[in-house]
Every structure is written in C-alpha cells, then in structure tokens.
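Asks: Got a predicted structure plus its sequence, pasted below:
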Amino acid sequence: MKFTTKEMYLLLLRLLSKVARIETHALQVAYIAKNIGREMGLETWKMNTIGFLHDIGLLNPVHVNQIQKIYGIEKATLNNWISLDTDSDNHSVIGARIVSNISDVAEFADVIEKHHYHKALLDTSNEHDVMAGIVHLADAVSVALLTEVPGHETVLSIKKQIKNSEEYLKPAVEAFEFLSGNLGFWWSCTDKDILFSEFSRDLKEKPLENSHLQTFGNVLMYIVDVKSRFTTNHTERIAYLSKLLAEKAHLGEERMMEVFFAAKIHDLGKMATPISILEKPGKLSSEEQYIMQKHVFDYFLIVGGREALEKHRLLEWGVDHHERFDGSGHPWEKR
C-alpha cells in the first residue's frame, strides 16, 4: 500500500513534536491561516499545509548549531529560534528551498519565502502573495500567544496589535477581526487536541508515487541530520550504502527503493535524544546508553506506532535496525 501525503505530514508533525515549541507554533499558524483563508475564499488545504510548513526553515544547520550552544535544543523557545535569523541564513529562504522539494506544495515555495514580507511588498492580485500575507498575520498571532501570559488581557492585546499595525494585508486583518470576536476561536488556538484535529482533517489523502516519497524522505533526512555535528550526513551515507547493497543483492527496483526510503528515515528517533548524549566525546554510561538506545523506540512512535508498521512493512525495518540475530539487540530483542 502506498504512503499518502496525509501520512507524511502527520509523521512530520510527530517529528517536530520532539523540538520544543515549534510543533505548537506550526499547528497554531495552520489553524489561524486556514480560518482566515476560508473567510477570504481560499482553499483550506492550501492554507492549512503552508501554515504548518511556514517555519520549517528554522531547522537548518546554522540555527540548530547555535541553539545547541546557546540554549540547548530541549529548552529553546520559539523566539530563541527566530532571533538567530540573518540575511544569509534566513529561515524563510531556507524553508522555501525545503518546501520546493515536497511535491504537493512545491509550487508554494514562494509563499514560504515571503511569509514575513510587509504588505507593501505583496501584490494583492497574486494568490501566493495573499497567502503569504495571511501566514504573516497568523504567525504574529501565534508568536504572541506563545510568548505572553495566556488570558483575556492577552487576547485584547493581540487584537489591538493587529488592528493598529500597518504591517498586514487589509483583507487578512478584516477576516481576523471577524474571527477574533469569537471566544471559541481563541480557545481552539490554545487547545492541542483541537489544533491536531483541525490540522489532520484538512490534509489531502493523495497517494505518493515513489519519486515523491523519496523527496519527502530527503526532507526528513535533512531535518534529523542537522541536529548534531555527529549526525551530519550520517543518514545520507547509510541511505546510499543501503541502496547499493540492495542493488547488489538483486532485490529488484521496487524493493531497492523501499530500502532506500527506510534508510533515509531510520534515525528519526534521534530528534528525541538529548544532544549531550549524541555528542558525548567519551564512552556512554549505562544510563546514557539506555537513553541512546531509546531512539529506535522514539522512531516507532514518530512513524505512527504499531498501526503504521502493520500498514507499511518498510517502517518496521527502521525500528529493527539495532536488532541482532542472537536476540541481544533492541528494542524488542528479536531473534
């Protein structure tokens, strides 16, 4: 059975959940942007997906390395990530490059690149520019919700800030003013169950052809490998070696490409492994080894657990990549 775009985005969401604050921010912007877009007559799946992906460029080597040194990836706030932007390492530009490799939304890469543009730089007759303007406003609302004390005063402050700002497209501001008069809108913005449900239901269920699955695998591989200088390019090397071995074993084109994709995502669980353990120069203690070994179980959770493994056999290869024939491996000690 083929993977679908919905399955890949939900996998990406679970991966982002291992990075402090970014998951909630992505879901909030998706929710706010799609509701503003709906009021403005835009397709909700577009705004939902682009809103979710808008800050994916924060996960780049320069940002991640600095976050590790200054704050620690497990403790960093959203503002810590954003504060690291420079002209040469701008997360909007990097995000646009990443999104250009995701088949079903590649055409919207320019929306990601422009999502911090002032309204004066946007063409309101161009749908992509309008989408960028909506994401810009949604992003500002989410940042305020995540950095200010929750409550009625914060809601009033955000509404006033958006209304009085000259930064945002007028139609987007008007749509937001209509939505923000509803208390249910605000409570939904801060309820993780609702945010997840809303995000999930507006994802497309389009089957992924192998070429598109591989490019999605490249995105996931990139995100994992930027976490640590010790993992940089590790997954890419494993993927190409695995593909070569599958070819030499004459497994056939279809199985070879399954092995290629499985190898690309085999270390997703390391997003949950503390950087102090990933980059420890000496031998790990027994307790640290226990934590390191858990990355295969975190992979199991990120890809969707038992149900996903039963649906897509190749996902099980990632869980089993530290198993041994004599039963001394982990996580299940299979024989």
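Replies: Received, thanks.

Asks: domain parsing for the chain?
Replies: Listed domain ranges for the chain are 5-201, 210-319 (source: automatic domain parsing).

Asks: Now tabulate these in CSV and tack on mean pLDDT, mean neighbour count and distance to residue 331.
Replies: The C-beta positions use only the backbone N, C-alpha and C, and glycine is treated the same way. Below are these laid out as CSV (pLDDT from 0 to 100; neighbours: other CB atoms under 10 Å; distance: least, CB to CB, whole Å):
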stretch, mean pLDDT, mean neighbour count, distance to residue 331
domain 5-201, 91, 18, 17
domain 210-319, 91, 17, 5
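
Asks: Of the ones you listed, give the one that comes closest to residue 325.
Replies: Comparison of the domains of the chain against residue 325 by CB to CB identifies domain 210-319 as nearest, at 15.0 Å.

Asks: Could I get the domains of the chain in CSV, plus columns for distance to residue 327?
Replies: Compiled in CSV, these are given as follows (distance: least, CB to CB, whole Å):
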stretch, distance to residue 327
domain 5-201, 29
domain 210-319, 15
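
Asks: How is the closest residue to residue 320 other than its chain neighbours assigned, secondary-structure-wise?
Replies: Closest residue in space to residue 320, ignoring its immediate chain neighbours: residue 334 at 6.6 Å, by CB to CB, 6 or more residues apart in numbering. Three-state call for residue 334 (DSSP: H, G, I helix; E, B strand; the rest coil): coil.

Asks: where does residue 334 land on pLDDT?
Replies: At residue 334, the model reports a pLDDT of 73.

Asks: For it, the count of nearby residues, please.
Replies: 12 (other CB atoms under 10 Å).

Asks: For it, list the residues it contacts.
Replies: With contact set as CB atoms under 8 Å, 6 or more residues apart in numbering, residue 334 has these partners: 320, 323, 327.

Asks: ditto for residue 133
Replies: 117, 119, 122, 124, 168-169, 172 are the contacts of residue 133 under CB under 8 Å, 6+ apart.

Asks: Can you tell me the element it falls in?
Replies: Using DSSP states H and E, residue 133 falls within helix 127-147.

Asks: Give the next helix or strand downstream of that helix.
Replies: Once the chain leaves helix 127-147, the next helix or strand it forms, by DSSP H and E, is helix 152-164.

Asks: That next one to helix 127-147, inter-axis angle?
Replies: Relative orientation of helix 152-164 versus helix 127-147 (axes from the mean of the first three to the mean of the last three CA atoms, to 10 degrees): 150 degrees.
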